[in-house]
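Asks: sequence and computational prediction follow.
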Amino acid sequence: MADLHITNLHVRTEDREILKGVNLAIDKGEVHALMGPNGSGKSTLANTLLGHPAYEITEGQIVFKGQDITEAEPHERAKAGLFLAFQYPVSIPGVSVANFLRMAMNAKRDEPINVKEFRNELQHAIDLLDVDRSFTSRHLNEGFSGGEKKRAEILQMAMLAPDVAILDETDSGLDIDALRTVAEGVQRLHDEQGLGALIITHYQRILHYIKPQFVHIMLEGRIVLEGGVELVERLEREGYDSIRQEFGAHV
């Protein structure tokens, strides 16, 4: 069984069913892209995987590293090795990036990390991702540009070393330089740590920098088409309309 295995997942919020039987399997070290137009259910899947309370699972199962986490709390999923990069990261005034990273690491450990070990790991992550050391002294996301917020998340990923990361439209609102920085960071973590990633997007541009091994197309709460990078190329040529026509979707 894959490290992350989603079976027949049905999810609703309030009185509306959004996911209608999603099946997906991701192993550590694999890069998957989940694509689809706005409203197709991509972000609902991301939030459900990390246990957002607004999304009710009515049917199906989420298994991570052999454990059923369908009903697990968000912190339990994170401790197990799942990570969600948010579309709109929140600011935490008064808490430096470095202190936040240390608190996040301690939340995953039985014993707090000592100062020397933390400094060594932080320096390694800074070097790996080509981040300015002074960046870690700033208050988390306060006054950050979109690119800086994403850089902070990638740095958090490097420190927490999750098995599988869910990147929910992490390319949203980024200029080309910020997008390249984020993409290169994810690629470096994949290469060094064996990070598995699900890149959720409705654009193709981030996939020019991170080459997925597997591509999934979502329409109307279902994954309707799966393949490799040839699906990205098809979307660039034809858009989502041809896929809607092929599968009878009316999004």
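Replies: Right, received. Where do you want to start?
Asks: contacts for stretch 63-80?
Replies: Stretch 63-80 is contacted by residues 1, 3-7, 49-52, 57, 60-62, 81-82, 107-108, 160, 162-164 when judged by Cβ atoms under 8 Å, 6 or more residues apart in numbering. (Glycine included, C-beta is placed from N, CA and C.)
Asks: next step: the residues you listed restricted to strands.
Replies: Secondary structure defined by DSSP state E assigns 4, 5, 6, 7, 57, 60, 61, 62, 82, 164 of these to strands.
Asks: tally of neighbours for the second one?
Replies: Burial of residue 5, expressed as a neighbour count using other Cβ atoms under 10 Å, amounts to 18.
Asks: next one: the first one
Replies: Applying other Cβ under 10 Å, we find 25 residues neighbouring residue 4.
Asks: which strand residues bridge it?
Replies: Beta-bridge partners for residue 4, by DSSP bridges, are residue 26, residue 64.
Asks: ok, now how distant is it from residue 26?
Replies: Distance of residue 4 to residue 26, computed by Cβ to Cβ, to the nearest Å: 4 Å.
Asks: any common contacting residues for these two?
Replies: 164, 196, 198.
Asks: quick check: the second one touching residue 163?
Replies: Yes - at 6.0 Å, residue 196 and residue 163 qualify as touching, with contact defined as Cβ atoms under 8 Å.
Asks: residue ranges for the helices of this protein, please.
Replies: Secondary structure of the chain (DSSP state H): helices at 42-49, 74-80, 97-108, 115-129, 146-160, 176-193, 230-238, 241-247.
Asks: mind putting those helices into a markdown table with distance to residue 207, mean neighbour count and mean pLDDT?
Replies: Shown next, in a markdown table, are the helices of the chain (distance: least, Cβ to Cβ, whole Å; neighbours: other Cβ atoms under 10 Å; pLDDT from 0 to 100):
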| stretch | distance to residue 207 | mean neighbour count | mean pLDDT |
| --- | --- | --- | --- |
| helix 42-49 | 14 | 22 | 94 |
| helix 74-80 | 26 | 16 | 90 |
| helix 97-108 | 28 | 17 | 92 |
| helix 115-129 | 20 | 15 | 93 |
| helix 146-160 | 16 | 21 | 87 |
| helix 176-193 | 9 | 18 | 86 |
| helix 230-238 | 5 | 15 | 89 |
| helix 241-247 | 16 | 14 | 86 |
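Asks: out of those, flag the one nearest residue 90.
Replies: helix 146-160 (9.2 Å; Cβ to Cβ).
Asks: quick one: the closest residue to residue 173 other than its chain neighbours from residue 125, how far?
Replies: Distance criterion Cβ to Cβ, 6 or more residues apart in numbering; nearest residue to residue 173, sequence neighbours excluded, is residue 146 at 4.8 Å. Per Cβ to Cβ, residue 146 is found 21 Å from residue 125.
Asks: one more: residue 134?
Replies: Remark: distance between residue 134 and residue 125 (Cβ to Cβ) = 15 Å.
Asks: try residue 216
Replies: Between residue 216 and residue 125 the computed distance is 30 Å (Cβ to Cβ).
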